[in-house]
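Asks: give me a model of this one.
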Amino acid sequence: MASTETRDAAEEAAREPKKPSEDLAGLEAGLDALDAVPTRRTSLRDTFVRKVLPPLVAVALVLVVWQVLVWAQVTEEYKLPSPGAVWREVTDAWYQGTLLGYIWTSVSRGLLGFLFALAIGTPLGLLVARVKFVRAAIGPILSGLQSLPSVAWVPPAVIWLGLNDQMMFAVILLGAVPSIANGLVSGVDQVSPLYLRAGRTLGATGLRGTWHIVMPAALPGYLAGLKQGWAFSWRSLMAAEIIASSPELGIGLGQLLENGRVASSMSMVFLAILLILVVGVAIDLLIFSPLERWVLRNRGLLARS
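Replies: You can find the predicted model right below:
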């Protein structure tokens with residue numbers, strides 16, 4: 001009898017409408033539970049298994065397949081050198097003291113040219129994104145320049161500027177600036193109008209609004225444009241180094257690739273390709289991947305570990 005009365009009382013209490021304060025407390029508790037994501041520091045073993053081991057396995061598989069093709073003699077040896085022959089090319093360049101010189105010549109040019117492109121492409125992108133007349137006049141030209149192969153700029157740059165570093169930087173700028181500017185324009189277009197109105201209400205107008213409202217909100221698209229801009233600048237530089245050669249320019253990775261072709265040395269060609277690939281992966285891992293994680297983490301899209 002008592003249990004029946006208790007059950008009836010509980011059902012009656014459940015049917016009674018809850019007070020707004022109780023609903024608000026329950027909502028706050030639910031939000032707190034969502035925010036309280038359990039985090040733990042990733043162990044060294046987990047980091048190795050998830051991030052280091054997969055690329056090592058992939059590289060090992062490529063080397064195995066490569067060596068099997070060499071053993072199977074699918075083509076002549078001078079066309080497909082063994083991994084060991086390419087490794088001997090690496091060690092010879094290291095002992096001769098030229099390996100780091102090849103890398104530094106190209107990397108220094110590429111990074112400096114990319115910084116110049118960043119300084120030009122960022123204000124240009126903001127101008128195109130914020131001024132309608134400029135967008136109508138320059139926007140289609142930027143899109144066309146972005147689709148134009150960077151190698152097409154090498155012959156006119158050589159004629160205009162000669163065989164020097166200025167020619168290299170010009171080719172890099174023409175390849176990278178449109179990508180950076182278009183990336184920023186895309187990021188600005190995706191900024192919510194609510195942010196802009198809120199910024200104007202708080203007095204963030206003009207350059208202040210651009211710095212505190214527009215740029216932070218457009219950061220994901222801008223970062224994507226930076227990554228694409230670096231890829232274009234690196235490819236533009238390699239094309240310029242392959243086509244234009246001069247003692248004043250030194251020997252970069254592109255020139256090393258061309259020297260291998262002229263000498264019919266596939267081991268040297270593979271060495272140049274390997275170094276170009278390694279530099280591209282290293283720049284992405286050391287610069288752009290940390291920036292992407294920082295942006296995602298600040299927006300709550302990546303759990304802290």
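
Asks: low-confidence ranges in the stretch 151-300 of the chain?
Replies: The stretch 151-300 of the chain contains residues with pLDDT under 70 at 204, 206.

Asks: how about the helices in it?
Replies: Along the stretch 151-300 of the chain, counting by DSSP state H, counting those that start in this stretch, helices occupy 154-161, 165-189, 193-201, 206-209, 215-217, 219-243, 253-262, 266-283, 289-298.

Asks: which strands or helices does the second one pack on?
Replies: Counting contacts by 3 or more C-beta pairs under 8 Å, 6 or more residues apart in numbering; DSSP states H and E, helix 165-189 packs against helix 99-130, helix 132-147, helix 154-161, helix 219-243. C-beta here means a position set from N, CA and C on the backbone, and glycine is covered the same way.

Asks: could you give the angle of that helix to helix 253-262?
Replies: For helix 165-189 against helix 253-262, the angle by axes from the mean of the first three to the mean of the last three C-alpha atoms, to 10 degrees is 120 degrees.

Asks: return the set of buried residues in helix 165-189.
Replies: Of the residues in helix 165-189, 167-188 count as buried by neighbour count, 16 or more other C-beta atoms under 10 Å.

Asks: how distant is stretch 85-98 from the center of its chain?
Replies: 30 Å (C-alpha atoms, centre = their mean, to the nearest Å).

Asks: again with stretch 284-300
Replies: On the basis of C-alpha atoms, centre = their mean, stretch 284-300 sits 10 Å off its chain's mean C-alpha point.

Asks: how far does that stretch stretch from start to finish?
Replies: End-to-end span of stretch 284-300 (C-alpha to C-alpha, to the nearest Å): 22 Å.

Asks: what distance do you get for the closest residue to Gly175 other than its chain neighbours to Phe270?
Replies: Distances taken as C-beta to C-beta, 6 or more residues apart in numbering place Ser236 nearest to Gly175, at 3.4 Å, with adjacent residues excluded. In this view, Ser236 and Phe270 are 22 Å apart by C-beta to C-beta, to the nearest Å.

Asks: of the two, which one has the most company?
Replies: Comparing Ser236 with Phe270 by other C-beta atoms under 10 Å, the one with more neighbours is Ser236, at 28 against 22.

Asks: quick one: closest of the helices of the stretch 151-300 of the chain to Arg88.
Replies: Of all those, helix 266-283 sits nearest to Arg88, with 7.3 Å by C-beta to C-beta.

Asks: buried sites along the closest one?
Replies: For helix 266-283, burial by neighbour count (16+ other C-beta under 10 Å) applies to 266-272, 275-276, 279-280, 283.

Asks: mind putting these in TSV, distance to Leu253 included?
Replies: Output for the buried residues of helix 266-283, formatted as TSV (distance: C-beta to C-beta, whole Å):
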residue	distance to Leu253
Met266	16
Ser267	15
Met268	11
Val269	11
Phe270	12
Leu271	9
Ala272	6
Leu275	5
Ile276	5
Val279	7
Gly280	10
Ile283	13
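
Asks: out of those residues, which is nearest to Arg208?
Replies: Closest to Arg208, out of all of these and judged by C-beta to C-beta, is Ile283, at 32.8 Å.

Asks: what residues are up against the residue most central in space within the chain?
Replies: The C-alpha lying nearest the average C-alpha coordinate of the chain belongs to Lys227 (C-alpha atoms, centre = their mean; 3.2 Å). Lys227 makes contacts with 284, 288, as judged by C-beta atoms under 8 Å, 6 or more residues apart in numbering.
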